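> Need coordinates for the below:
(one chain, ligands or ions: 1)
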Amino acid sequence: MVIDGHLIATRFFSSKNASSYDRIVKLTTFCKDSSWKKEMMRFIDGKNNLILDLACGTGILSSFINYKSTNSRIIGTDLTFEYLRRAKDRQNYMLLTNSLAEFLPYKDDSFDVIISSYLAKYTELSAMVREHWRVLRKGGIVIIHDFTYPNTRMMRILWHSYFQILNELGKVITSWRDVFSSLDKLIQLNPWVNDLVRELYLTGFRSISKKYYTYGTSAIVCAKK
Ligand SMILES: C[S@@+](CC[C@H](N)C(=O)[O-])C[C@H]1O[C@@H](n2cnc3c(N)ncnc32)[C@H](O)[C@@H]1O
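The predicted structure follows:
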């Protein structure tokens, strides 16, 4: 399926909603965002890692990484300049670059860890995985998290009802209207977990794991080079 992720991402994220992003993600996930990010940290060890926070947005993940691994150095990269400005204010990053996940401005074999939250559904997965393989050191790991469409009937009913409420909320919080009105379709139409697992395997990654959280509404995929 062809989804123009770049176009959608540039429509969703801009200067008009960068300042409210942190509050909105907390509110709309009922604080689950923090639990999912803590789960991602389980895959990182405490050693001196060079970590790429891909699609870092306003930099929420960097605080979790710093807490888990105080010696690590973090580089952040994102498509949206206004979000990067917020990430800069956190002062957790060694370097921030305005670039695409599919074309990274980094040397081969640079990173110990590549981590991303809420990016997979916007990217061209095969190009992204190729870049992961190129810039990751041998033995390095990728940790990829995003929303998923639940697979039980009951959860689907609740999930769609929730997005109907979000859609109504978007009429009031207009800077988030585009996201609240079409995020559900994007998640529903994008089977990123299985596509990603296949791409990782075909590219050469091993020790691939996938795990679903919060009744199948989000997932984390992890793999080793
Ligand atoms: C929902 S935000 C997530 C931010 C952050 N990772 C977090 O967990 O809060 C999604 C981010 O992905 C970025 N993005 C979307 N597609 C991208 C791409 N192809 N390359 C780089 N960044 C991308 C957007 O600019 C946006 O900042």
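> quick one: the helices in the chain?
Taking DSSP state H as the criterion, the chain contains helices spanning 5-12, 21-28, 32-41, 60-68, 81-90, 125-135, 153-172, 177-189, 192-203.
> counting contacts, what elements does the longest one pack onto?
Read that as helix 153-172. Helices and strands touching helix 153-172, by 3 or more Cβ pairs under 8 Å, 6 or more residues apart in numbering; DSSP states H and E, are helix 177-189. C-beta coordinates here come from the backbone N, C-alpha and C atoms, glycine included.
> Burial check on the nearest residue to Ser62 once chain neighbours are set aside, number of neighbours?
Counting by Cβ to Cβ, 6 or more residues apart in numbering, Ser62 lies nearest to Asn92, which is 3.7 Å off, once chain neighbours are set aside. Neighbour count for Asn92, taken as other Cβ atoms under 10 Å: 21.
> how much space between Asn92 and the ligand?
13 Å (Cβ to the nearest ligand atom, to the nearest Å).
> Let me know which of the helices of the chain is the nearest to Leu119.
helix 125-135 (7.9 Å; Cβ to Cβ).
> by how many degrees do the closest one and helix 5-12 diverge?
Here helix 125-135 runs at an angle of 100 degrees relative to helix 5-12 (axes from the mean of the first three to the mean of the last three Cα atoms, to 10 degrees).
> Determine the longest strand present in this protein.
In terms of residue count, the longest strand belonging to the chain (DSSP state E) is strand 136-147.
> ok, Asn71 to the ligand distance?
To the ligand, Asn71 is 22 Å away according to Cβ to the nearest ligand atom.
> Check Phe43 too.
15 Å.
> circling back to that earlier point, tell me the contacts of the residue nearest to Ser62?
Gly59, Ser62, Ser63, Ile65, Asn66, Ile74 (Cβ atoms under 8 Å, 6 or more residues apart in numbering).
> Which pLDDT value goes with the third one?
Looking at Ser63, its pLDDT is 95.
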